[in-house]
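Trainee: Test case, fold it:
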Amino acid sequence: SAAIASVEAFAPSANLSSRLSTSLNVEAEIQFVRGLKEKVVPDIKLTRAVDGSSGVATFKFSNPNVFDASTASQGEITGLFLIDDEGEMSTSDVNANFINGKPQAIDATLVMTSPAEWDRFMRFMEKYGEANGLGFNKA
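Mentor: All right, here's what the predicted structure looks like:
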């Protein structure tokens, strides 16, 4: 396995003015059920191999709206779908966390196996971050 060069994270930005100007043909969004936008913005941690050949994005959603009773009729969680004007990236590595029998959080892992996939993911995150007020913190 490749050595991990750094750990980076996306977190809500203190600068709210960055939220105001986004002009995209298709808004970058995350879905668990096709057609149902997830409104909860996740914590996202990134790791990348020293040589840049691969990377992993780990998403943590606390109380995502996909768990709401009002969205239950829309369908089952079938994966994590990252959708923007370039298309879609997805993973089926999605796990729900339960407390006292009730779903509380979703963890998802997206593995990128090439520099091109990493670059594509970072373009998605730039758009998603602009649309949702996220800032990038390099560790």
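Trainee: partners of Met89 in the sheet?
Mentor: For Met89, the beta-bridge partners are Leu82 (DSSP bridges).
Trainee: mind checking which helix or strand the most centrally placed residue in the chain is in?
Mentor: Nearest to the centroid of the C-alpha atoms of the chain, with distances taken as C-alpha atoms, centre = their mean, sits Phe59, at 5.4 Å. If you go by DSSP states H and E, Phe59 is part of strand 55-62.
Trainee: shouldn't the residue nearest to the centre of the chain be in contact with Phe121?
Mentor: No - Phe59 is not in contact with Phe121 according to C-beta atoms under 8 Å; the separation is 11.4 Å. For glycine as for every other residue, the C-beta is placed from the backbone atoms N, C-alpha and C.
Trainee: Give the residues shared as contacts by the two.
Mentor: Common neighbours of Phe59 and Phe121, counting by C-beta atoms under 8 Å, 6 or more residues apart in numbering, are Leu110.
Trainee: Could you check the strand holding Phe59 and say which residues are buried?
Mentor: Gly55, Val56, Ala57, Thr58, Phe59, Phe61 (16 or more other C-beta atoms under 10 Å).
Trainee: do the same with stretch 42-54
Mentor: Buried residues in stretch 42-54 (16+ other C-beta under 10 Å): Pro42, Ile44, Lys45, Leu46, Thr47, Arg48, Ala49, Ser54.
Trainee: Fine, thanks again, bye for now.
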